[in-house]
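Chemist: Output the structure for:
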Amino acid sequence: MSDVEIVDARGLSCPQPAMLAQKALQKLGKGTVEVLVDSSTARENVSRLAKNSGWDVTVEEQPGGNYRIILRK
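Modeler: Numbering: from 1, shown residues only. Predicted structure coming up:
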C-alpha cells in the first residue's frame, strides 16, 4: 500500500497552501498527497506546482467551495 499524506490548507492564503504542498511532496517523494483548499487560486497554484514537479493531479470539487487535490506519483 502506498503512503498517503494529507495537507489541510483550508483557511490559508497563498502562497501558504502551495508551500505546504511542496513540503509534503518533497517529504514523500512518491505515493499520494491529498491537499484540501478552499479557494480557486490555491487550487490552481497547488495543481501547477505539482504538475511542474512531475506529479499527476486530480481535482475534486467539494461542497462549500472547497477542493480536494489528489497528487500521485
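Chemist: how about residue 33, what does it touch?
Modeler: Going by C-beta atoms under 8 Å, 6 or more residues apart in numbering, residue 33 touches 4, 5, 6, 7, 21, 24, 25, 50, 55, 70, 71, 72. To be clear about C-beta, it is placed using only N, CA and C from the backbone, and glycine gets the same treatment.
Chemist: roughly how far apart are the last one and residue 44?
Modeler: Shown here: residue 72 relative to residue 44, a distance of 18 Å by C-beta to C-beta, to the nearest Å.
Chemist: for residue 68, phi and psi?
Modeler: Phi and psi for residue 68, reported as degrees, to the nearest 10, are phi -110, psi 110.
Chemist: That one: how many residues sit nearby?
Modeler: 15 (other C-beta atoms under 10 Å).
Chemist: That one against residue 47, yeah?
Modeler: No. Judged on C-beta atoms under 8 Å, residue 68 makes no contact with residue 47 at a distance of 11.8 Å.
Chemist: Identify the contacts common to the two.
Modeler: residue 59.
Chemist: coming back round to it: can you tell me which of the contacts of residue 33 are buried?
Modeler: 5, 7, 21, 24, 25, 50, 55, 70, 71 (16 or more other C-beta atoms under 10 Å).
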